[in-house]
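sequence first, then the predicted structure, then my questions.
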Amino acid sequence: MSKLDLQTLESWLWDSANILRGSIDSSDFKNYIFGLLFLKRVNDVHTEEVDAIIERDGISREDAEDETFFKVPVEARWDELKKFTENIGIALDIAFAAIERENNNGLNNLEGVLTSTKFGDKEKLSEEVLQRLLSHFNKYSLKNQDLYTPDLLGDAYEYLIKQFADDAGKKGGEFYSPRGVVQTIVQLIKPQPKQKVYDPTCGSGGMLIESAKYVAELPDGKVGANINISLYGQEKNLGTWAIGKMNMLLHNYNDADLRKGDTLNDPKHRDEHNELMLFDRVIANPPFSQDGWWTPLENSQEVKLDKDGNEKKISPNYQKVVDPFGRFQYGIPPRGYADLAFLQHMIAVLKQDGKAGVVLPHGTLFRSGTEGSIREKLLRADLIEGIVGLPSALFYNTGIPASIWIINKTKPAHLENKLIIIDASGEFKEGKNQNELQEAHIQKIVSTYDYFAYGIEAEAPNDKFARLVESKEITDNDFNLNISRYIDTSEPESEVDLHQVKNTILELEAKEKEIDEKLSAFLMELGL
């Protein structure tokens with residue numbers, strides 16, 4: 001039997017979505033399909049591993065099953081689940097709960113990952129639909145030996161995440177960052193072997209996986225079959241966190257430390273002294289301009305009666321925010337804009353020699369008030385190494401343009417009190433729903449940045465695309481980082497030669513007169 005290739009796998013997996021159409025909302029497809037894909041994969045790999053142990057050690061199947069890395073209890077075995085003709089959803093829920101129970105150890109802890117989706121709700125999924133799904137997923141083997149490449153399933157999983165983001169429209173932005181944007185940030189911050197990489201709003205884990213892929217291509221990037229990198233992430237949305245955990249396991253990043261929870265209110269990655277862990281690289285695409293981001297204040301809103309006797313909540317004063325981890329030392333962002341709260345969290349968990357890359361909405365570059373004050377303090381502290389202005393309509397959840405901020409706590413001498421500013425707003429391929437950063441656009445951005453940041457030899461960038469801006473110029477602009485203040489993309493108007501214009505007009509008038517005379521002659525010949 002020929003090995004399963006990526007195109008066949010992608011088509012097969014996407015066909016599973018078509019089975020669900022009409023039964024549930026398309027934005028929920030991913031939860032069911034990812035769960036079944038994961039269940040089939042762990043069953044096939046478990047069988048493959050058991051067979052290998054039996055052949056190697058000559059022991060019984062029962063003993064071999066005790067030695068596998070991943071445990072698949074009897075009630076979760078694929079061959080058992082195929083036998084069900086009724087209450088299939090309940091059987092699947094039991095199977096997922098059993099897998100979580102038997103794999104509740106260390107970073108391999110799956111508690112809440114698989115049971116976040118309920119298959120037993122017959123109002124959503126009929127027995128017929130579930131039977132069709134199981135039959136569909138039974139079509140191919142997902143054992144390593146039957147895949148064209150060991151990374152095939154991870155690649156197919158990323159394809160599905162992208163397809164579901166497209167299908168879900170704006171909701172897709174909650175769990176998926178455009179691949180071009182992710183690749184750009186990773187190549188700008190350049191994670192290295194042995195480093196710890198952290199994403200405080202990790203979604204389905206795409207930024208962490210792209211970081212690992214980048215490191216895998218470097219010298220010493222791999223130790224045997226394992227990539228020489230440590231991955232950490234936190235995600236607030238339970239379903240998205242579950243997808244991220246499965247994504248890591250399907251990419252064979254079994255030791256990735258992804259935790260669920262609200263990063264701003266309850267950061268989970270702490271050391272033995274309850275201090276925030278520190279990381280070599282921090283990378284994120286936080287939700288744009290999140291409102292009401294400090295839960296303790298939101299939960300304690302005061303209520304007063306208006307003149308009509310109706311209760312009205314009083315907006316909380318965010319200057320009263322008290323963070324036990326001391327992350328907001330540059331200022332408390334306003335209630336309606338969490339962007340610079342996420343940025344300050346990233347700065348707080350960044351090692352002194354570390355680098356961070358984050359996508360923020362364009363407004364963070366120029367909004368005044370509290371945000372303007374925070375931006376000024378960040379600039380005076382010389383923490384911002386670079387700003388890259390991105391094209392509009394790249395993201396699912398908004399059409400507005402965004403920017404990449406690069407943070408460096410220890411800038412090289414030639415970048416001290418300077419800022420790399422790139423206007424990449426015109427670097428995109430136009431799409432029907434979203435624009436796209438392609439490889440050529442990414443390389444132009446990265447090579448230009450590297451020219452300034454590392455002195456990598458290249459043709460000097462056009463100052464209409466990028467500049468190295470002195471801090472004095474930024475100070476003179478009241479710490480406003482609106483890119484148009486520093487990069488003039490307008491084209492100079494050509495000079496007008498009035499003498500030439502006059503001669504051209506006279507020539508045109510002479511030609512017009514000649515045409516009029518010819519036309520009159522023709523009309524006279526016709527008797528008109």
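Perfect, I can see it now.

from here on, just use CA atoms for contacts and neighbour counts.
Fine.

just the CA atoms of stretch 198-205, as PDB, please.
Output of stretch 198-205 as PDB, limited to C-alpha atoms (Å, rounded to 0.1, in the frame of the first residue of the first chain):
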ATOM      1  CA  TYR A 198       6.800  31.700  25.000                       C
ATOM      2  CA  ASP A 199       3.500  32.900  23.600                       C
ATOM      3  CA  PRO A 200       1.200  34.400  26.200                       C
ATOM      4  CA  THR A 201      -1.800  34.300  23.900                       C
ATOM      5  CA  CYS A 202      -0.900  31.100  22.000                       C
ATOM      6  CA  GLY A 203      -4.200  30.300  20.300                       C
ATOM      7  CA  SER A 204      -3.700  27.000  18.400                       C
ATOM      8  CA  GLY A 205       0.100  27.200  18.900                       C
END
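
which other residues reach it?
By Cα atoms under 8 Å, 6 or more residues apart in numbering, the residues outside stretch 198-205 that reach it are 174-176, 207-208, 231-237, 240-245, 247-248, 263, 279, 281-286, 346.

what residues sit buried inside that stretch?
Buried residues in stretch 198-205, counting neighbours by 16 or more other Cα atoms under 10 Å, are found at 198, 199, 200, 201, 202, 203, 204, 205.

mind putting the residues you listed into CSV with pLDDT, secondary structure and distance to residue 213?
Formatted as CSV, the buried residues of stretch 198-205 follow (pLDDT from 0 to 100; DSSP: H, G, I helix; E, B strand; the rest coil; distance: Cα to Cα, whole Å):
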residue, pLDDT, secondary structure, distance to residue 213
198, 98, strand, 15
199, 98, strand, 15
200, 98, coil, 19
201, 96, coil, 19
202, 94, coil, 16
203, 89, coil, 18
204, 86, coil, 16
205, 90, coil, 12
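
buried members of the contacts of stretch 198-205 into PyMOL, please.
To isolate the buried members of the contacts of stretch 198-205 in PyMOL, using 16+ other Cα under 10 Å:
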select buried, resi 174+175+176+207+208+231+232+233+234+235+236+240+241+242+243+244+245+247+248+263+279+281+282+283+284+285+286+346
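
narrow the contacts of stretch 198-205 to those in helices?
Applying DSSP state H to the contacts of stretch 198-205, the entries found in helices are 207, 208, 240, 241, 242, 243, 244, 245, 247, 248, 346.

quick revisit: ok, the buried residues of stretch 198-205 vs residue 353, which is closest?
Taking Cα to Cα as the measure, residue 353 lies nearest residue 198 of those, at 14.7 Å.

now that closest one: how far from residue 114?
For residue 198, the distance to residue 114 equals 23 Å [Cα to Cα, to the nearest Å].

ok, now residue 30?
12 Å.

higher neighbour count, these two?
Neighbour count, other Cα atoms under 10 Å: between residue 30 and residue 114, residue 114 has more, with 27 against 20.

mind checking pLDDT for that one?
You'll see residue 114 listed with a pLDDT of 88.

neighbours around the closest residue to it other than its chain neighbours, how many?
In this structure, residue 114 finds its nearest non-sequential neighbour in residue 96, 5.6 Å apart by Cα to Cα, 6 or more residues apart in numbering. Residues near residue 96, counting by other Cα under 10 Å, number 29.

ok, which stretches of the chain are strands?
Here the chain has its strands, by DSSP state E, at 196-199, 222-223, 226-227, 230-235, 257-260, 279-284, 303-305, 311-313, 350-361, 384-389, 402-408, 418-423, 466-470.

and of the ones you listed, who's closest to residue 26?
Of all those, it is strand 230-235 that lies closest to residue 26, at 21.9 Å by Cα to Cα.

who does that closest one pair up with?
strand 196-199 (parallel), strand 257-260 (parallel) (DSSP bridges).

contacts for it?
For strand 230-235, the external contacting residues (Cα under 8 Å, 6+ apart) are 194-203, 205, 208, 241, 255-263, 267-268.

can you check stretch 301-308 too?
Contact with stretch 301-308 is made by 311, 312, 313, 314, 315, 316, as judged by Cα under 8 Å, 6+ apart.
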